Each structure stands twice: as structure tokens, then as C-alpha cells.
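Asker: just coords:
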Ligand code: GLV
Ligand code: MG
């Protein structure tokens, strides 16, 4: 839900675990996993004829399952199919009180986000739910979506996250590769995904949204998962999809700050707060040990601190103000 400035609360999304809505065993099992988010899928992991039953399964497990603090998301089908409206109506009418976000795949225009927003508002009003509580996660999976990513990010106050969908994206731009997440053979002068990742990250940061990296399909290759996740984490992404339970712990680690960075960030915030206050002498540039810190250091520290707090990290080394 948004505060007075229109920003929505920052939810932990280091690991966003995908669960096909057509598989009751996986839906049950996902409740015991340590992912920050689950998304129950009605789209590409569910065959067309299985979609009606998958909607029912999802409503049932949202209402009766124990999801703890996980962010509960349902991925509906995209607006170019005939399934979207029924996905949204059945799931939100049936389990809207136990649902945090709808994920909209293959978003191409801001209007597609607005359409979902309007439908959600009508359902929330009819059902007596709090209007605007359910968020939207927008998947960018083709060239048009990427070109329109700023308008998509700002199309509705409900938008919380922008997600890169590498498999569909690779197909949509005719990339000559079938291995999702890895570099296309023949391209050896850089990272073929750099522009796409940075474009999504810029839109997310400019508009105060989270940036989420998509799936890595070689589920037995944890080293590969760690390497690819490490790249988007280094750029500033907030999390990544996980398709197999073994990927979850890796994602939680890769997208959390290092303990030493988290301690350092909290100490910068404390020292800066102290030295810029009446009590500490009201200066602008201050020292933390041998390090000079200023307003820009404070902003960098805020980012690491927010990620650490969202991951429920605890401080292990607390700075103390000098005796006055
Ligand atoms: C995810 O939806 C992808 O297409 O990679
Ligand atoms: Mg996709």
C-alpha cells in the first residue's frame, strides 16, 4: 500500500519462487520453502486445457495455505490471450484478501497496466476489499515493452516491480540462442543482456520500483545460477526468480548485502545523523574512522541499509558517538 508520497512499501523479493498453478503437490510444497516471494502461475507453465482447474487450485491454496510472510503473487495470462479477464476475476474475487500482487506478463504498453488496474479496482470495490492494496508486477518480455518501460512503470500506483523475462525476450528479438541466461554463441564482445538489464534498472530506480531478474532454466547448475544472479545483483537488481528449491538459498544470499557492508551502511547513517545534528556540531562532511562521509555517502548507505532491513539482517558492529 502506498504512503502519502505515493511510494509503496518495499517488500523483500530476493527470491521469487515460481509454482505452476496446475500442480497441487508443488503448491503445497512451496509453503515450506524459504523464498521471499511465491508466484502461483496461470501463464506459460500451465497448459491451456489445465488453466480452469489451475485457477481453482490457486484460490484454494491462497485461502487455506500457510504462506507466512512471503509475498503472495499470482501470474495471470497476458492481455493478448482470451484468459486474462477470467484469471483476474476468479482469483481476486475468490482470494483477493489473501493475495498481495498480480503479475502481468508480456506487458507492451502502459494501457495494459491501466486495464488491469481498472479491473482490480472494480473487483476490490464490489468485494469490499481495500481499494489499491493489491499491487502489480510488470514483466518486460519483448522489444515494445522495453521501449515503453518508463510509461509502464508509472502507469499505475499499484506497480511495485519490473521483471525481466529473458526466455520470451530472447525469442521476441530473434536472439540466436536457446540457453536462457547465458550469452548467445557467436557474441563475444560483451554481455548481450547488459542494455536490457540496465534499461529496466533505470526505469525501476527512476520511478522507485523494484527490479527483478527472471529465470535461469538450467536448474541443476547452481554455479551457473549464482554467476548469472551475481551479475544482476552487482548492477543493483533486487532479486531473481527461482524455479527449483535449491536456487532459493543462493538467491537469498546473492541479493542480500554482505554483513560487513550492511554494518558499515548502518554506521554511516548513524554517524551522519549524529554529526549533522545540533548535538554533533551540525557539519556537512563528517568522519567515520578514517572515512570521510557526506550526503552522497548517506544516500548509498540508505540503499544497502534498506536491502539489509528488508532481508531482516541484524547489525553485528554498532558505531558509538564520541563522548561529548
Ligand atoms: C519468463 O517469463 C521468461 O519468459 O523468461
Ligand atoms: Mg515469459
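Answerer: Yes, it's here. Since the model is a prediction, treat every value here as computed from it, not as a measurement. Ligands and ions are numbered 1, 2, ... in the order given.

Asker: and the pLDDT for residue 324?
Answerer: Model confidence at residue 324, given as pLDDT, is 55.

Asker: could you do residue 6 as well?
Answerer: Reported pLDDT for residue 6: 58.

Asker: where does the prediction get shaky in the stretch 1-150 of the chain?
Answerer: Where the stretch 1-150 of the chain drops to pLDDT under 70, the residues are 1-7.

Asker: show me where it has its helices.
Answerer: For the stretch 1-150 of the chain, helices defined by DSSP state H, counting those that start in this stretch occupy the ranges 24-29, 51-64, 84-95, 110-127, 143-147, 149-153.

Asker: could I get the ones you listed as TSV with distance to residue 213 and mean neighbour count?
Answerer: Quick note: C-beta positions are derived from backbone N, CA and C, even for glycine. Output for the helices of the stretch 1-150 of the chain, formatted as TSV (distance: least, C-beta to C-beta, whole Å; neighbours: other C-beta atoms under 10 Å):
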stretch	distance to residue 213	mean neighbour count
helix 24-29	22	14
helix 51-64	24	18
helix 84-95	24	19
helix 110-127	20	17
helix 143-147	14	17
helix 149-153	15	21
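
Asker: mind checking which of those helices is nearest residue 246?
Answerer: Residue 246 lies closest, by C-beta to C-beta, to one member of the helices of the stretch 1-150 of the chain: helix 24-29, at 13.0 Å.

Asker: ligand 1: which of the helices of the stretch 1-150 of the chain is closest?
Answerer: The stretch from these with the least distance to ligand 1 (C-beta to the nearest ligand atom) is helix 143-147; that distance is 11.3 Å.

Asker: tabulate the helices of the stretch 1-150 of the chain (a markdown table), appending distance to ligand 1.
Answerer: Formatted as a markdown table, the helices of the stretch 1-150 of the chain follow (distance: least, C-beta to the nearest ligand atom, whole Å):
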| stretch | distance to ligand 1 |
| --- | --- |
| helix 24-29 | 17 |
| helix 51-64 | 16 |
| helix 84-95 | 15 |
| helix 110-127 | 15 |
| helix 143-147 | 11 |
| helix 149-153 | 15 |
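
Asker: quick one: which of the ones you listed is nearest ligand 2?
Answerer: helix 143-147 (10.8 Å; C-beta to the ion).

Asker: who are the packing partners of that closest one?
Answerer: helix 194-206 (3 or more C-beta pairs under 8 Å, 6 or more residues apart in numbering; DSSP states H and E).

Asker: after the helix it packs on, which helix or strand is next?
Answerer: Using DSSP states H and E, the helix or strand that follows helix 194-206 in sequence is strand 210-213.

Asker: quick one: buried residues of that next one?
Answerer: 210, 211, 212, 213 (16 or more other C-beta atoms under 10 Å).

Asker: next SSE downstream of it?
Answerer: Heading C-terminal from strand 210-213 (DSSP H and E), you reach helix 222-235.

Asker: which parts of this structure sit against ligand 1?
Answerer: 105, 139, 141, 165, 166, 167, 168, 214, 215 (C-beta under 6 Å from any ligand atom).

Asker: ChimeraX command for the buried members of those residues?
Answerer: To isolate the buried members of these in ChimeraX, using 16+ other C-beta under 10 Å:
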select :105,139,141,165,166,168,214,215
